[in-house]
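Visitor: Here is a sequence with its predicted model. Questions after.
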Amino acid sequence: MDAAEFRSLWDGLTPIGLSQQGGYLRYSWSEADQACRNWFRAQADRRDMEIETDKNGNLYAWWGPRHERNAVLTGSHFDSVPHGGAYDGPLGIASAFLAIDVLREAGAKPRRPIGVVAFTEEEGGRFGVPCVGSRLMTGALDPDRARGLTDADGITLAEAMDATAADPTILGADPERLDGIGAFVELHIEQGRALDGADAPVGVASAIWPHGRWRFTFTGEANHAGTTLLADRCDPMLTAAFMVLAARKEARIVGGLATVGRVESDPGAANVIPGTVRAWLDARAPDQADLDQILEGVQSKVNERAERDRTQVSVTAESETPLVDFDGGLRDRLAALLGSAPVLPTGAGHDAAILAAHVPTAMLFVRNRTGVSHAPGERADDEDCAAGVDALAAVLRELAC
Ligand code: HGY
Ligand code: MN
Ligand code: MN
């Protein structure tokens, strides 16, 4: 695959969902998502691939003998975080279509079905829970909970699906489909700079750190900012601010990561002491014990602080993903196939983490020279993306042809 060929397909996708302020607003079941789905269908049609949407809204394009089981599935997601980058997700889908072109040009014939998948709501950017499409398919997310998830405007997932003529009443586990998948390989832009340090365009994932998302709700007493003495306040913003600093400290102690990127204050007026503050903690660590230590440390210290602030705290785990150690045999086989490509862990979550609990799963990473991700500056060189396509083509050939 040459870089120009990659660029020509990529340029057809990059305008979709681009926001005026920079970055992407590709939310699931939005207009941008429908445009991405139409792009996907056009790519599949151009390649005479059979198109399918499953009961959870995940989109597939198939090549090869569909009557055979143990399909080799590849792909990723279209949805973005708010003002996210162009590559996180879509690169895996675009590369899958191009890898099939490479195989066809080489005269390869699949003996197992090869499927390209676009999983829905991987980021949780609209409905707050990551990997909704893959978690629903694998039975890891209750369909009633999923239907009731709401976006910032209070629209539920069910209503958003209804508005696009997708049927939310059939959401749920899909064991028959899962049973037909023999392997899943997700190509993704690296969200870090290890490959740049190793001077390698492509790498293979060894593991995904355990990580999760916890909603902290701090409750105090709304009151007048200009007339309430400090001693008389029950200000939940103080306790929330303390949580942010405590999380950073606990993460640093164990060599993990902690982020609070979303805070909501009610009523949210500059001259009102908030009555309630909600803050979302994203925490990740090399192993589960470290992650547990971050959460325990934060919760115990925040509870102490709440007493001083005369506020109340409640914590809800919105999503938790245990350590994913990718299938060792598949990992080593792919690393060898790719000329001993670097094998590296990641702290980023992926649909591959959800599938890995059910089918042999691997990830390929494409070099990201700055490591920036989940931001408008995210990018990979066309040459490295083309190398990723060739690597994915080699993997699909090895596994399915
Ligand atoms: O948040 C993550 O780690 C992934 O990009 N969804
Ligand atoms: Mn992401
Ligand atoms: Mn992603």
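Guide: All right, it came through fine. Ligands and ions are numbered 1, 2, ... in the order given.
Visitor: how does this protein divide into domains?
Guide: 3-209+323-400, 211-321 (automatic domain parsing).
Visitor: What's the end-to-end length of the last one?
Guide: Domain 211-321 stretches 5 Å from its first residue to its last (C-alpha to C-alpha, to the nearest Å).
Visitor: Of the domains of the chain, flag the one that's most buried.
Guide: Ranked by average neighbour count under the criterion mean count of other C-beta atoms under 10 Å, the domains of the chain are headed by domain 3-209+323-400 at a mean of 20. Using the backbone N, CA and C atoms, a C-beta is placed for each residue, glycine as well.
Visitor: for it, the distance to its chain's centre please.
Guide: 9 Å (C-alpha atoms, centre = their mean, to the nearest Å).
Visitor: got the residues of this structure near ligand 1?
Guide: Contact residues (C-beta under 6 Å from any ligand atom) of the chain with ligand 1: 122, 123, 130, 348, 349.
Visitor: Mind doing that once more with 8 Å?
Guide: Counting by C-beta under 8 Å from any ligand atom, the chain comes close to ligand 1 at 81, 88, 122-124, 130-131, 191, 211, 282, 284, 347-350, 373-374.
Visitor: give me the subset of the residues you listed touching ligand 3.
Guide: Applying C-beta under 5 Å from the ion to the residues of the chain next to ligand 1, one finds that residue 88 fall near ligand 3.
Visitor: In strands only, show me the residues of the chain next to ligand 1.
Guide: 211, 282, 284 (DSSP state E).
Visitor: Tell me the bridge partners for the first one.
Guide: What that stands for is residue 211. residue 284, residue 321 (DSSP bridges).
Visitor: Now render the domains of the chain as CSV, adding mean pLDDT.
Guide: Shown next, in CSV, are these (pLDDT from 0 to 100):
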stretch, mean pLDDT
domain 3-209+323-400, 97
domain 211-321, 98
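Visitor: CA atoms of stretch 153-172 as CSV?
Guide: C-alpha atoms of stretch 153-172 as CSV (Å, rounded to 0.1, in the frame of the first residue of the first chain):
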residue,chain,number,x,y,z
ASP,A,153,-29.7,16.9,26.4
GLY,A,154,-31.5,14.2,28.3
ILE,A,155,-32.1,12.1,25.1
THR,A,156,-31.9,8.4,25.8
LEU,A,157,-30.0,5.9,23.7
ALA,A,158,-33.3,4.4,22.8
GLU,A,159,-34.7,7.7,21.6
ALA,A,160,-31.6,8.4,19.6
MET,A,161,-31.8,5.0,17.9
ASP,A,162,-35.5,5.4,17.3
ALA,A,163,-34.8,8.8,15.6
THR,A,164,-32.6,7.0,13.1
ALA,A,165,-35.1,4.1,12.5
ALA,A,166,-32.8,1.7,14.4
ASP,A,167,-34.8,-0.6,16.8
PRO,A,168,-33.7,-0.2,20.5
THR,A,169,-36.1,-2.9,21.6
ILE,A,170,-33.9,-5.7,20.3
LEU,A,171,-30.6,-4.7,22.1
GLY,A,172,-28.9,-7.4,23.9
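Visitor: Quick one: name the residues of the stretch 1-150 of the chain near ligand 3.
Guide: Close to ligand 3, as judged by C-beta under 5 Å from the ion, the stretch 1-150 of the chain has residues 88, 89.
Visitor: Which residue ranges of the stretch 1-150 of the chain form helices?
Guide: Assigned helices in the stretch 1-150 of the chain, in chain order: 3-13, 31-46, 90-105, 132-138, 143-148 (criterion: DSSP state H, counting those that start in this stretch).
Visitor: can you list contacts of the fourth one?
Guide: Contacting residues not belonging to helix 132-138 are listed as 28, 54, 56-58, 77, 119-122, 124, 129, 140-141, 143, 146, 149, 157, 171-174, 177-178, 351, 354-355, 357-358 [C-beta atoms under 8 Å, 6 or more residues apart in numbering].
Visitor: go again using 7 Å as the cut-off
Guide: If you take C-beta atoms under 7 Å, 6 or more residues apart in numbering as the criterion, helix 132-138 is touched by 54, 56-58, 119-121, 141, 143, 146, 171-174, 177-178, 351, 354-355, 357-358.
Visitor: Go through those and flag which are in strands.
Guide: Those of these lying in strands (DSSP E): residue 119.
Visitor: can you point me to the longest helix in the protein?
Guide: Using DSSP state H, we find that the single longest helix of the chain is helix 288-309.
Visitor: for that helix, packing partners?
Guide: helix 236-254, strand 276-284, strand 312-321 (3 or more C-beta pairs under 7 Å, 6 or more residues apart in numbering; DSSP states H and E).
Visitor: Please export the C-alpha coordinates of it as CSV.
Guide: The C-alpha trace of helix 288-309 is given here as CSV (Å, rounded to 0.1, in the frame of the first residue of the first chain):
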residue,chain,number,x,y,z
GLN,A,288,-5.8,-4.3,39.4
ALA,A,289,-4.3,-3.9,42.9
ASP,A,290,-2.9,-0.5,42.0
LEU,A,291,-6.2,0.6,40.5
ASP,A,292,-8.1,-0.6,43.6
GLN,A,293,-5.6,1.3,45.7
ILE,A,294,-6.2,4.6,43.8
LEU,A,295,-10.0,4.2,44.3
GLU,A,296,-9.8,3.2,48.0
GLY,A,297,-7.3,6.0,48.7
VAL,A,298,-9.4,8.6,47.0
GLN,A,299,-12.7,7.5,48.6
SER,A,300,-11.3,7.3,52.2
LYS,A,301,-9.7,10.8,51.9
VAL,A,302,-12.7,12.3,50.2
ASN,A,303,-15.0,11.0,52.9
GLU,A,304,-12.8,12.6,55.6
ARG,A,305,-12.8,15.9,53.7
ALA,A,306,-16.6,15.7,53.3
GLU,A,307,-17.0,15.7,57.0
ARG,A,308,-15.0,18.9,57.3
ASP,A,309,-17.0,20.5,54.5
